[in-house]
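> here is my input, please return the structure:
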Amino acid sequence: MLPLFSWGQLTIDVNLTLDKQLIGLNQTLSLNEQSFQLEQARFYLSKFEFFQNNRLVAVDSMEAYLVDFEIDSTRKINFPTIQADQIDEIRFLFGIDSVTNTSGAMTGALDPMYGMYWSWQSGYINCKLEGIVLTPKREAFQLHLGGYTSPFLAAQHIVIENSKTSATKLNIDLKSIMGEVVLSKSNLHVMSPCVKAVEYAQILAKSFDLKP
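Modelled structure (predicted):
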């Protein structure tokens, strides 16, 4: 029913940015005259769907992708059956949906050995951001964002326009989320499903941008 393209290949390179500048792990970064280091960045992207003129034309068969910035190869997501010039919109989840959380699918990228699973009660950790705020005093931060039951549904729907080039860059800008963490310092440790985890996930969801 949904035709898959049999030629060409869409490749998405996932990057972290801070105020539109590319960043990596363990760099000393500055924001609003304060410094921090990001030591771990890991998150799930799932349920990719591809559209043309608001019509669904293909659904990715992979259940989820775990992007880990300590492993460069995970930052490149290949869709070998999708031709970029025949789609104008990509929709996906930032995180893992409720159905997958309760289906017992715990293989591949969803294997608990990757450290992204709390328990059957709390489900998967959609995103991990860990590091150190360096100024004015040294403090660690740990953001483990997840939750799949109401009122703590943390997975976020992302809709982005496609540039119709085969190699595209999916940039996630941390300026807004780190502004909250570095400046407020009131929620440096979010380690379970909660209101703040949903708020942080919503902030991150607004920071996705697809570039050619």
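
> contacts only, for Leu145.
Counting by C-beta atoms under 8 Å, 6 or more residues apart in numbering, Leu145 makes contact with 95, 125-129, 154, 190, 197, 200-201, 204. Every C-beta, even on glycine, is put in place using the N, C-alpha and C of the backbone.

> which of those lies closest to Ser119?
Closest approach between the contacts of Leu145 and Ser119, by C-beta to C-beta: Ile125, at 10.7 Å.

> didn't that closest one look like it was pressed against Pro112?
No. Ile125 is beyond contact range of Pro112, at 10.3 Å (criterion: C-beta atoms under 8 Å).

> between those two, which has more neighbouring residues?
Using other C-beta atoms under 10 Å as the criterion, Ile125 and Pro112 rank with Ile125 on top: 26 against 12.

> what mean pLDDT does the helix or strand encompassing that one have?
In this structure, Ile125 sits in strand 123-133 according to DSSP states H and E. Strand 123-133 shows a mean pLDDT of 97 in the predicted model.

> ok, the helix or strand where Gln37 lies: who's next to it in the sheet?
Assigning secondary structure by DSSP H and E places Gln37 in strand 34-52. Here strand 34-52 has these sheet partners by DSSP bridges: strand 28-31 (antiparallel), strand 55-59 (antiparallel), strand 64-68 (antiparallel), strand 89-94 (antiparallel), strand 123-133 (antiparallel).

> low-confidence ranges, the protein, go.
By pLDDT under 70, the low-scoring segments of the chain are 1-8.

> picking up where we left off before, between the contacts of Leu145, which has the most around it?
Highest neighbour count within the contacts of Leu145, by other C-beta under 10 Å: Gly95, with 31 neighbours.

> so how far is Tyr44 from it?
6 Å (C-beta to C-beta, to the nearest Å).

> for Pro151, same thing?
In terms of C-beta to C-beta, Pro151 sits 21 Å off from Tyr44.

> where do the helices sit along this structure?
98-102, 175-184, 195-205 (DSSP state H).

> those: which one's closest to Gly146?
helix 195-205 (6.5 Å).

> so which elements touch the closest one?
Applying 3 or more C-beta pairs under 8 Å, 6 or more residues apart in numbering; DSSP states H and E, we find helix 195-205 packed against strand 89-94, strand 123-133, strand 139-146, strand 156-161, helix 175-184, strand 189-190.

> so what's the residue nearest to Ile82 when sequence neighbours are not counted up against?
Closest residue to Ile82 apart from its sequence neighbours, by C-beta to C-beta, 6 or more residues apart in numbering: Leu10 at 4.2 Å. When contacts are counted by C-beta under 8 Å, 6+ apart, Leu10 touches 78-79, 82-84, 87, 166, 168.

> what distance do you get for Leu10 to Lys164?
10 Å.
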